[in-house]
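Peer 1: quick one: sequence plus predicted model below, questions after.
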Amino acid sequence: MARAFLPFRQALAVLLVLSLFPLAFSAWVLFTPLDPHEAAAARICFYLLVAFCGALGTVVPYGLRSGEMASSCRQRSKAAWSVIALLVAAGVVLARYYRWEIRLVDVPDADALPLNTSGYAIEKLPFSFQVSFAKDRTIYFADASGDVYRADDSNPTATLTRIGHSGLRPRCLVVSSKGSIFVSGDKQPLLRSADGGRSWDKVLDIPVWRMAQDSASGTLYAGNYSKGRDVHTILLASKDDGKSWRQVFADPRLDHIHTVRFDPTFRRIYIAAGDGPPRGQAYSR
């Protein structure tokens with residue numbers, strides 16, 4: 001009779017083990033920082049957890065067997081535990097080198113939201129560019145080759161004029177209140193032109209993605225976009241229109257800076273740091 005009930009007991013054990021999976025997965029999601037674009041890594045973890053529970057489901061039934069099959073079952077259990085150990089090791093590697101992030105999967109993607117053009121109109125320009133910057137009624141563009149252009153907002157196509165060549169593939173383009181032009185790119189320094197784009201000087205060795213300016217005092221703020229294991233958030237300030245810079249904030253717990261904004265109403269400087277798990281926002285009065 002024992003053998004007659006064995007398949008039922010085995011199936012019951014598998015169901016009991018697998019029933020723990022939704023609870024474990026929900027707990028994992030609850031305590032893991034998540035982003036929509038990183039759901040692929042989370043799916044890898046999902047499959048590993050399924051395989052782990054499946055392997056565990058094969059070990060428990062073997063423990064229920066006895067008698068003449070005990071020796072064979074113990075060998076199978078050892079093999080199953082070896083598979084589990086490999087799965088756990090794979091999970092540890094993924095946890096170390098990948099970020100399992102899906103908590104925001106249900107949050108609407110800004111790119112997928114319907115376009116609302118209330119109060120403005122979208123104009124298609126017949127030229128390509130990497131970055132742009134608007135200063136009063138003047139718009140600045142920089143293309144992938146590093147050429148910098150200036151145009152009037154009333155008619156950008158007709159007034160587009162090449163004003164200089166920065167020599168790098170830009171990710172950041174900013175023009176100060178005094179007219180100095182700043183350009184930076186991935187793994188490239190911050191360059192400054194004080195003569196309208198004709199010549200360029202390196203003012204920072206680190207790459208910069210975002211800059212902001214206090215319009216009252218003229219102070220410029222730049223956040224580093226350095227990448228690597230040994231880099232962290234650094235915010236610098238300049239009171240001489242970008243000629244020299246001093247560090248005003250640093251935190252080894254945070255990654256590089258994505259956003260730098262100055263609020264003229266409450267006179268606060270805001271930053272946002274990403275990309276890794278040590279991320280966050282900060283402000284200073």
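Peer 2: It's in. Residues are numbered from 1 along each chain as shown.
Peer 1: residue 149 sits in which helix or strand?
Peer 2: In the assignment (DSSP states H and E), residue 149 maps to strand 147-152.
Peer 1: just checking, next helix/strand downstream of that strand?
Peer 2: Sequence-wise, the next helix or strand downstream of strand 147-152 (DSSP H and E) is helix 156-159.
Peer 1: can you state the direction angle for the next helix or strand after that next one and strand 147-152?
Peer 2: Moving toward the C-terminus from helix 156-159, the next helix or strand (DSSP H and E) is strand 161-165. Interaxial angle of strand 161-165 relative to strand 147-152 (axes from the mean of the first three to the mean of the last three C-alpha atoms, to 10 degrees): 150 degrees.
Peer 1: so which elements touch strand 161-165?
Peer 2: strand 147-152 (3 or more C-beta pairs under 8 Å, 6 or more residues apart in numbering; DSSP states H and E). C-beta here means a position set from N, CA and C on the backbone, and glycine is covered the same way.
Peer 1: partner strands of the strand it packs on, with direction?
Peer 2: Applying DSSP bridges, strand 147-152 is found paired with strand 138-142 (antiparallel), strand 161-165 (antiparallel).
Peer 1: nearest to residue 266, of these?
Peer 2: Minimum separation from residue 266 across the strands paired with strand 147-152 (C-beta to C-beta) falls at strand 138-142, 27.9 Å.
Peer 1: got the contact list for residue 263?
Peer 2: By C-beta atoms under 8 Å, 6 or more residues apart in numbering, residue 263 lies in contact with 269-270.
Peer 1: okay, it and residue 186: tell me how far apart.
Peer 2: With distances taken as C-beta to C-beta, to the nearest Å, residue 263 is found 28 Å from residue 186.
Peer 1: what of residue 198?
Peer 2: Remark: distance between residue 198 and residue 186 (C-beta to C-beta) = 25 Å.
Peer 1: can you give me the buried ones in the strand holding residue 149?
Peer 2: Applying a neighbour-count criterion of 16 or more other C-beta atoms under 10 Å, one finds 147-151 buried in strand 147-152.
Peer 1: kindly report the same for stretch 222-236.
Peer 2: 222-226, 232-236.
Peer 1: hmm, who's touching that stretch?
Peer 2: Stretch 222-236 has contacts (C-beta under 8 Å, 6+ apart) with 171-172, 182, 184, 186-187, 190, 204, 206-211, 221, 237-238, 245-260, 269, 271, 273.
Peer 1: now residue 247. Nearest residue, chain neighbours left out?
Peer 2: For residue 247, ignoring the flanking residues on the chain, the nearest one in space by C-beta to C-beta, 6 or more residues apart in numbering is residue 236 at 5.5 Å.
Peer 1: so the one you found bridges to which residues?
Peer 2: Going by DSSP bridges, residue 236 is paired in beta bridges with residue 222, residue 247.
Peer 1: tell me the predicted confidence for it.
Peer 2: Note on residue 236: pLDDT of 94.
Peer 1: now do residue 245
Peer 2: pLDDT recorded at residue 245 is 97.
Peer 1: repeat that for residue 229.
Peer 2: Looking at residue 229, the pLDDT reads 66.
Peer 1: same check on residue 189?
Peer 2: For residue 189, the model assigns a pLDDT of 94.
Peer 1: now do residue 81
Peer 2: Residue 81 carries a pLDDT score of 67 in this model.
Peer 1: repeat that for the one 10 residues further on.
Peer 2: In the prediction, the pLDDT value recorded for residue 91 is 60.
Peer 1: could you list the domains of this protein?
Peer 2: For the chain, automatic domain parsing gives the domain ranges 2-97, 118-284.
Peer 1: among the ones you listed, which gets the worst mean confidence?
Peer 2: Taking the mean pLDDT of these, domain 2-97 comes last: a mean of 59.
Peer 1: okay, now residue 165: neighbour count?
Peer 2: A count of nearby residues for residue 165, using other C-beta atoms under 10 Å, gives 15.
Peer 1: how far away is it from residue 284?
Peer 2: Residue 165 is 36 Å from residue 284, where distance means C-beta to C-beta.
Peer 1: now do residue 179
Peer 2: Residue 179 sits 27 Å away from residue 284, taking C-beta to C-beta as the criterion.
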